[in-house]
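**Student:** Fold the following.
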Amino acid sequence: MPMIRIMVAMLACVLLLDAAWGQQAEDLDLITPDGQKEMLANPGTEPVGARQPDVTIVEYFDYNCPYCKTVVPTLQALLAQDSKVALIYKDWPVLGPVSTYAASSALAAGWQGKYLVAHDALISGPRLARIDQVDAILQKAGVNMDALKKDRISHAKEIAALLARNDAEAHALTLDGTPGLVVGLQLVPGVASLSFLKKLVANSRAGR
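**Tutor:** Modelled structure (predicted):
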């Protein structure tokens with residue numbers, strides 16, 4: 001895939017972290033502008049936040065990842081405080097069949113305009129151990145389950161292709177697990193504080 005060829009062409013940048021991160025310099029990888037362009041093209045899910053952003057954050061996540069759940073309020077706070085930032089979710093189920101079922105179901109909900117509803121309900125809920133648990137959470141959130149089941153079947157190839165694309169991107173980024181964040185061109189393999197994310201947003205605006 002062209003994404004893999006482009007995404008592995010990375011550079012290094014040094015960022016000074018705030019007190020919460022020990023005032024240490026840490027190396028972060030940068031993706032290429034072409035890699036970012038391909039990453040953002042037709043991502044398959046609707047963005048959150050600014051409609052015309054000057055900085056876009058991409059998150060690779062798994063609904064059963066506890067660290068992904070931890071970073072939710074941080075990302076929400078950033079979007080609430082910065083009206084020029086957008087966030088795109090990339091479902092990357094790496095923690096087993098139930099995670100895959102949850103991701104497929106959330107993406108299928110997109111055909112009834114409720115991907116974000118499904119995402120928020122699943123990521124803010126408990127650990128998912130059974131597929132009927134996933135269905136119950138989505139139904140409670142207001143997702144039409146009859147339509148969801150039909151869309152999960154009729155759009156199975158599209159959903160599988162999107163999950164495969166996300167997986168290829170994540171591996172091209174050399175992510176070892178979830179969450180993985182890309183702020184502008186800057187790759188953050190793991191959780192980050194609000195102040196750190198703000199620094200990365202500022203870096204992106206400054207062209208660094």
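
**Student:** Centroid-nearest residue for this protein?
**Tutor:** Central residue of the chain (Cα atoms, centre = their mean): residue 59, 2.3 Å from the mean position.

**Student:** Need the nearest residue in space to residue 180, chain neighbours excluded.
**Tutor:** Once flanking residues are discounted, residue 180 sits nearest to residue 60: 4.0 Å by Cβ to Cβ, 6 or more residues apart in numbering. Where C-beta positions appear, they are placed from N, C-alpha and C, glycine not excepted.

**Student:** Look up phi and psi at the one you found.
**Tutor:** Torsion angles at residue 60 (phi, psi; degrees, to the nearest 10) stand at phi -100, psi 120.

**Student:** distance between the ends of stretch 82-102?
**Tutor:** Its first and final residues considered, stretch 82-102 spans 30 Å by Cα to Cα, to the nearest Å.

**Student:** tell me which residues of that stretch are tucked away?
**Tutor:** Residues of stretch 82-102 classed as buried by neighbour count (16 or more other Cβ atoms under 10 Å): 82, 85-95, 98-102.

**Student:** go on, stretch 41-53?
**Tutor:** So stretch 41-53, judged by 16+ other Cβ under 10 Å, has buried residues 43-45, 47-50, 53.

**Student:** Please identify which of those is nearest to residue 77.
**Tutor:** residue 49 (11.8 Å; Cβ to Cβ).

**Student:** What distance do you get for that closest one to residue 55?
**Tutor:** Separation of residue 49 from residue 55 (Cβ to Cβ, to the nearest Å): 10 Å.

**Student:** do the same with residue 140
**Tutor:** 34 Å.

**Student:** okay, those two: which has more neighbours?
**Tutor:** Neighbours per residue, other Cβ atoms under 10 Å: of residue 140 and residue 55, the larger number sits with residue 55, 20 against 10.

**Student:** What score does the more buried one have for pLDDT?
**Tutor:** With respect to pLDDT, residue 55 has a value of 97.

**Student:** For it, give the beta-bridge partners.
**Tutor:** Beta bridges link residue 55 to residue 85 when assigned by DSSP bridges.

**Student:** Just the pLDDT at residue 11, thanks.
**Tutor:** For residue 11, the model assigns a pLDDT of 35.

**Student:** what's the weakest-modelled helix or strand in this structure?
**Tutor:** Ranked by mean pLDDT, DSSP states H and E, the weakest helix or strand in the chain is strand 11-16, scoring a mean of 34.

**Student:** hey, what's in contact with both of residue 49 and residue 55?
**Tutor:** Counting by Cβ atoms under 8 Å, 6 or more residues apart in numbering, the shared contacts of residue 49 and residue 55 are 85-86.

**Student:** backbone phi and psi for residue 91, please?
**Tutor:** Dihedral pair for residue 91: phi -60, psi 120, per degrees, to the nearest 10.
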